[in-house]
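[1] only the shape, not the letters, is given here:
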């Protein structure tokens with residue numbers, strides 16, 4: 001049995017990224033590790049790169065698919081053949097520090113940890129530099145929690161504020177196989193890693209975190225599947241709704257779902273509305289109907305009205321339950337409040353009238369800007385609203401006046 005199994009699903013990274021990734025793995029200071037490269041129907045010169053490393057290193061195993069079977073199935077194919085005591089996922093365009101496996105393995109063995117969540121550095125590929133992001137540095141965790149294992153219910157409010165991806169999780173093999181925590185193949189492209197991470201977290205008895213930056217996460221690359229979600233021809237539009245339903249299933253299978261309900265509801269809604277804002281305009285109406293059907297059928301025994309009221313998306317849920325797609329968009333044109341990446345905006349008739357910005361979780365600028373709207377701007381905005389007006393909107397306005 002190997003000490004650590006590293007799984008690398010490979011589809012279409014740039015060749016130099018893939019070379020950097022594999023080089024960082026074969027040069028690990030820990031001996032007795034296995035590296036499983038999954039050729040997920042890769043393109044360009046990736047097959048040749050994978051073959052080269054497979055032939056050169058005895059501890060590399062290569063799994064090959066002729067076409068892309070999705071991230072989830074690619075990872076599961078590797079899980080079926082691994083021999084490692086602990087499992088680490090690495091994206092094919094990222095790298096890890098040379099002592100990552102040694103540090104994590106020794107810590108896991110010392111404390112008999114089921115799961116270690118560790119810090120990472122973010123590399124901006126466009127700017128060609130590393131960026132300091134508190135989120136990836138795990139600054140949400142109290143320092144005292146780094147020195148001992150803890151149970152999932154003890155750290156839930158911290159873990160769900162940290163990255164949910166799979167690559168910053170060092171997982172004991174029993175945690176995956178004893179609880180059947182494989183990657184969900186109903187989510188082949190986006191979000192299967194988040195479901196995998198959450199299932200491992202809620203089932204773990206001994207969790208630790210590590211503040212050493214052991215992983216280098218590359219962003220702003222053209223091959224991102226999340227970027228593909230904003231394209232008109234995207235074929236996984238329903239992914240965020242499936243994701244929310246999978247989290248509900250995970251929650252309902254727990255002995256104590258009430259401990260996690262609030263946090264999981266928040267994660268589901270963050271992803272639902274985050275992807276709704278991201279999706280291409282041609283797919284927006286379809287996704288809206290899927291989200292509306294989901295929120296209308298939330299499991300009431302878990303997601304009580306009291307619980308939902310504590311979540312910042314409660315008003316948005318209420319609005320979606322109440323209104324059709326046309327009505328929802330009309331009301332948002334009149335008044336819309338959004339929060340993204342620490343920035344709160346209030347929008348009236350399409351004009352930003354308020355902005356509150358944060359940096360590193362501390363307020364560094366706050367201002368209220370009331371802008372003069374020219375007659376031309378106002379007329380254009382009203383023309384847009386009138387153009388979108390339907391009998392449903394007219395009836396809504398008439399009812400509001402009568403009230």
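    Cool, the structure landed. Since we're looking at a predicted model, the values are computed, not measured.
[2] which secondary element of the protein has the worst mean pLDDT?
    strand 362-367 (a mean of 34; mean pLDDT, DSSP states H and E).
[3] give the other helices and strands that the lengthiest strand in the chain contacts.
    When the chain is parsed with DSSP state E, its longest strand is strand 207-219. Packing partners of strand 207-219 (3 or more C-beta pairs under 8 Å, 6 or more residues apart in numbering; DSSP states H and E): strand 95-96, helix 100-111, strand 115-124, helix 152-159. Quick note: C-beta positions are derived from backbone N, CA and C, even for glycine.
[4] hmm, try it at 7 Å
    strand 95-96, helix 100-111, strand 115-124 (3 or more C-beta pairs under 7 Å, 6 or more residues apart in numbering; DSSP states H and E).
[5] let's see the distance spanning stretch 145-158 from one end to the other.
    End-to-end distance for stretch 145-158: 10 Å, by C-alpha to C-alpha, to the nearest Å.
[6] again, but for stretch 32-51
    Terminal residues of stretch 32-51 are spaced 21 Å apart (C-alpha to C-alpha).
[7] now that stretch: buried residues?
    The neighbour-count check on stretch 32-51 (16 or more other C-beta atoms under 10 Å) flags 33-42, 46, 49-50 as buried.
[8] next one: stretch 200-220
    Buried residues in stretch 200-220 (16+ other C-beta under 10 Å): 200-204, 206-210, 213-218.
[9] biggest separation within the residues you listed, which pair?
    206 and 218 (30.9 Å; C-beta to C-beta).
[10] quick one: the strands in the stretch 251-400 of the chain?
    Secondary structure of the stretch 251-400 of the chain (DSSP state E, counting those that start in this stretch): strands at 336-340, 343-348, 351-359, 362-367.
[11] and the helices in the stretch 201-350 of the chain?
    225-228, 239-252, 261-278, 284-296, 305-309, 314-322, 325-334 (DSSP state H, counting those that start in this stretch).
[12] ditto for the stretch 51-200 of the chain
    71-79, 100-111, 152-159, 173-177, 192-203.
[13] weakest of the ones you listed in terms of mean pLDDT?
    Of all these, helix 152-159 carries the lowest average pLDDT, namely a mean of 88.
[14] tell me the angle of that one relative to helix 192-203?
    140 degrees (axes from the mean of the first three to the mean of the last three C-alpha atoms, to 10 degrees).
[15] elements contacting helix 152-159?
    By 3+ C-beta pairs under 7 Å, 6+ apart, helix 152-159 packs against helix 192-203.
[16] check what contacts the helix it packs on and list those residues.
    Residues outside helix 192-203 that contact it (C-beta atoms under 7 Å, 6 or more residues apart in numbering): 71-72, 115, 152, 159, 164-166, 169, 171, 175-176, 179, 181, 183-184, 187, 243, 246-247, 250, 254, 260.
[17] and if you look at stretch 28-42?
    For stretch 28-42, using C-beta under 7 Å, 6+ apart, the contacting residues are 2-12, 25-26, 47, 50, 54, 59-69, 74, 77-78, 81-84, 98-102, 105.
[18] which of these fall in strands?
    Per DSSP E, the contacts of stretch 28-42 map to strands at 4-10, 60-65.
[19] of the residues you listed, buried ones?
    Here, 16+ other C-beta under 10 Å leaves 4-10, 60-65 buried among the ones in strands among the contacts of stretch 28-42.
[20] other residues contacting the longest strand of the chain?
    17, 93-97, 100, 103-104, 107, 111, 113-125, 136, 138, 141, 145-146, 149-150, 152, 155, 167-168.
[21] could you do stretch 165-184 as well?
    72, 75-76, 79, 84-91, 94, 104, 108, 114-118, 120, 192-197, 199-200, 203-204, 215, 246.
[22] tell me how far the ends of it are from each other?
    With C-alpha to C-alpha, one end of stretch 165-184 sits 14 Å from the other.
[23] list the buried ones in that stretch?
    165-173, 175-176, 181-184.
[24] of all these, which two lie farthest apart?
    170 and 184 (20.6 Å).
[25] where does pLDDT dip in this structure?
    221-224, 333-403 (pLDDT under 70).
[26] ok, the residue nearest to residue 73 when sequence neighbours are not counted - how many residues close by?
    Nearest residue to residue 73, sequence neighbours excluded (C-beta to C-beta, 6 or more residues apart in numbering): residue 185, at 5.3 Å. Neighbour count for residue 185, taken as other C-beta atoms under 10 Å: 15.
[27] residue 98 and residue 29, how far apart?
    6 Å (C-beta to C-beta, to the nearest Å).
[28] more neighbours: these two, which one.
    residue 98 (15 against 12).
[29] surely the more buried one touches residue 27?
    Yes - if you go by C-beta atoms under 7 Å, residue 98 and residue 27 touch, sitting 5.4 Å apart.
[30] for residue 294, give me its contacts.
    241, 244.
[31] just to revisit the earlier point, can I get the helices of the stretch 201-350 of the chain in CSV with distance to residue 130?
    Formatted as CSV, the helices of the stretch 201-350 of the chain follow (distance: least, C-beta to C-beta, whole Å):
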stretch, distance to residue 130
helix 225-228, 21
helix 239-252, 29
helix 261-278, 25
helix 284-296, 34
helix 305-309, 39
helix 314-322, 35
helix 325-334, 37
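[32] indicate which one of those is closest to residue 131.
    So among the helices of the stretch 201-350 of the chain, helix 225-228 is nearest, using C-beta to C-beta, at 17.8 Å.
[33] and the closest one, how far from the chain's centre?
    The chain centre lies 12 Å from the centre of helix 225-228; the measure is C-alpha atoms, centre = their mean, to the nearest Å.
[34] ok, residues contacting that helix?
    Contacts for helix 225-228 (C-beta under 7 Å, 6+ apart): 189-190, 234.
[35] got a winner among these for most neighbours?
    With neighbours taken as other C-beta under 10 Å, the top of the contacts of helix 225-228 is residue 190, carrying 22 neighbours.
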